[in-house]
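A.B. asks: sequence and predicted structure are below.
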Amino acid sequence: MAVKALYDYEFPSADRAENFGDDQLVYVHWDGNPLFCSAACFRVPTAMPFGEFVAGVVAPWAASDPDFDASAITRWRLFDQPLQPADDASLADLGVGHKALLHFSV
Amino acid sequence: MTQAKPRAKKLPLKERYALLTRDLDWEPSYVEREKLFPYTSYEGIKIHDWDGWQDPFRLTVDAYYKYQAEKDKRLYAVLDSFAQSQGHLGLADASYLNAIKLFIQGVTPLEYAAHRHFAYLARYLEGPAPRFAALCQSVDELRHCQTQIHTISNYNKYYGGFHSWSKMHDRVWYLSVPKSLFDDAMTAGPFEFLISISFSFEYLLTNLLFVPFMSGASFNGDMPTMSFGFSAQSDESRHMTLGLEAIKFLLEQDEGNVPIIQAWIDKWFWRAYRMSALVAGMMDYMLPKPVMSWKEAFELYFEDQMLGGLFPDLEYYGITPPRHVEDAIAEKDHLSHQVYKILHNFSFAAAFTTQTPSEEHSAWLSEQYPGSYDELYKPVWDKHARTEAAGGRIFFQGLPQLCQVCQVPMAFTEPDDPTAISFRTSEFTGETFHTCSNGCKWIFDREPEKFVQAWLPVHQIYQGNCGGPSVPEVLDWYGIQDGDNGEYKGSPDQRSWAEWHSGAPKQES
């Protein structure tokens, strides 16, 4: 259903991919850890290798939990699909696009 | 020029009202009616007889100003005596003021927005009676905004977080929740606005959105805010009546209006309910002396009074209870805990402070929420308490994922599984949009063209529009000063409070 308006109602999305240049937004959720109220949102280069993403972006955030152990991260999912990421594959290679949601467990 | 003699006897109220409102209306002679009232047809609502609008209060301008002036006099007398007698020292605890910070940052600017939009309705509704009702409400809302500022500014001299609320309302992440709701309503047509604000906000959920702050004030020694509540009470009951009159009028005018109104009720129940989540967190966690739990208030004011009382009446018009209401009922044991968790995770970036519930408070929560607290929420607070006992404080070292519609961090769980976050997504023009619930997803999918424009604070920070990439730069842009934010224990508010109550000689300010 369209917005009811007195004129053609069409406006660009506020967070469209082009607003982020070579970067994109990625959400990361730590499944089953109720210490974190929600998933986190990060801005990262689409070309960033997954290993670097985990070590440099996800781990510092996950370490908000004093019990976090980076070596225990397992079971990545992209939305609802299991993901077996190679550390040197880029986010783009892995199909992790703008505003994608990643899950992991420990 | 001779002065006319004063009239010996006033006209009866009903006649005065008729002369001073409806009889002041006229038929346009040199412009077309559609040009005079350009906004009352495009939403699809059909009105056959604007005079069918009933106004139970029959107020006239002179009577209105007389009542309001009397109420103002009483309120300002209380404020003066409170200020002169250092009344703030009689609060239950300084941490209580976190609720009032949330109020002036989140609610007071909405009063002003309501003032603006009711002024617009007072010009653009076609019938003289609804125009006059909107005019009175517009003036009420301006008075509420002003009296709230005067009431709450008493605390600004002594406590943090009260200084830049207007700027904060436009910029800060948790305040985008109320702001975006009102922006959504104000950018809708005049009839949708009536259903969103007058009906859903002021009638359906007013006892859950507004009243808890006033009862919280009364339980926690906040005489000024309580007096403001009394001063606004008769206005609020007039607004509730307007909300109910508006919906009945629209439903009676044309059968074709019913499905349009139903869809607006479905949308605005969920919008207002999602915003009430902030109030839920406040009620259960921010009041040193709690009034009643969110769950109890929800059951009494919403399930009993609205689902049990109002909706059976509306059934006569073909209106059914709001869509997704069962999801709201399903989460009543969880809502406040999940929301306060957000505030506790992120209070380093808020203009109030938070704290892990004390043992006593935790015992109260456990009593109020026998089905959820001990199992799901207490273990998390216990972990916080252990960390804090060792000198730490856990914050969320990053930014949260927000819901595209309600703009609350995506902290809510599945209606049938309180351990799993509820993630919903929609695709629109090749982009993914995330929503927190069935209700918010339904609202997005109904008007994606509108909600893709949402100014989501987290994404705006990442686009570089909020002062800079680092937390201090963003806080500076928010207008948050050191000490407004973070943990309550050890905060400037708590230290001042302890000093003022230590029996040491009071320093002159």
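C.D. replies: Yep, that arrived.
A.B. asks: what about residue B:411, which SS state?
C.D. replies: coil (DSSP: H, G, I helix; E, B strand; the rest coil).
A.B. asks: quick check: phi and psi on it?
C.D. replies: Torsion angles at residue B:411 (phi, psi; degrees, to the nearest 10) stand at phi -110, psi -10.
A.B. asks: same deal with the one 4 residues further on?
C.D. replies: Taking degrees, to the nearest 10, you get phi -50, psi -30 for the backbone angles of residue B:415.
A.B. asks: wait, it sits on residue B:332?
C.D. replies: No - taking contacts as Cβ atoms under 8 Å, residue B:415 lies outside contact range of residue B:332: 10.9 Å. Just so you know, the C-beta spots here come from the backbone N, C-alpha and C atoms, and that holds for glycine as well.
A.B. asks: between the two, which one's more packed in?
C.D. replies: Shown here are residue B:415 and residue B:332; by other Cβ atoms under 10 Å in any protein chain shown, residue B:332 has more neighbours (21 against 17).
A.B. asks: who touches that one in this structure?
C.D. replies: B:294-295, B:298-299 (Cβ atoms under 8 Å, 6 or more residues apart in numbering or on different chains).
A.B. asks: check residue A:6 too.
C.D. replies: B:38-39, B:42.
A.B. asks: equivalent analysis for residue B:220, please.
C.D. replies: Contact analysis of residue B:220 by Cβ under 8 Å, 6+ apart lists B:91-93, B:96, B:287-289.
A.B. asks: hmm, back to that, list the ones among the contacts of residue B:332 that fall in helices.
C.D. replies: B:294-295 (DSSP state H).
A.B. asks: and the contacts of residue B:332 as a markdown table, adding pLDDT and distance to residue B:421?
C.D. replies: Listed next are the contacts of residue B:332 as a markdown table, based on pLDDT from 0 to 100; distance: Cβ to Cβ, whole Å:
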| residue | pLDDT | distance to residue B:421 |
| --- | --- | --- |
| B:294 | 97 | 20 |
| B:295 | 97 | 21 |
| B:298 | 96 | 21 |
| B:299 | 97 | 25 |
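A.B. asks: between the contacts of residue B:332, which is closest to residue B:444?
C.D. replies: residue B:298 (24.4 Å; Cβ to Cβ).
A.B. asks: what's around the closest one, how many residues?
C.D. replies: Counted with other Cβ under 10 Å, residue B:298 comes out at 26.
A.B. asks: ok, it touching residue B:208?
C.D. replies: Yes - with contact defined as Cβ under 8 Å, residue B:298 and residue B:208 form a contacting pair (6.6 Å).
A.B. asks: what is the most widely separated pair among the contacts of residue B:220?
C.D. replies: Checking the contacts of residue B:220 with Cβ to Cβ, the most distant pair is B:91 and B:287, at 11.0 Å.
A.B. asks: my guess is residue B:481 contacts residue B:163. True?
C.D. replies: Yes - taking Cβ under 8 Å as the definition, residue B:481 is a contact partner of residue B:163 at 7.3 Å.
A.B. asks: residue B:16 sits in which helix or strand?
C.D. replies: helix B:13-20 (DSSP states H and E).
A.B. asks: for the least confident helix or strand in chain B by mean pLDDT, buried residues please.
C.D. replies: Sorting the helices and strands of chain B by mean pLDDT, DSSP states H and E puts helix B:13-20 at the bottom, at a mean of 81. By neighbour count on 16 or more other Cβ atoms under 10 Å in any protein chain shown, the buried set for helix B:13-20 is B:17-18, B:20.
A.B. asks: contacts only, for residue A:80.
C.D. replies: Counted by Cβ under 8 Å, 6+ apart, residue A:80 has zero contacts.
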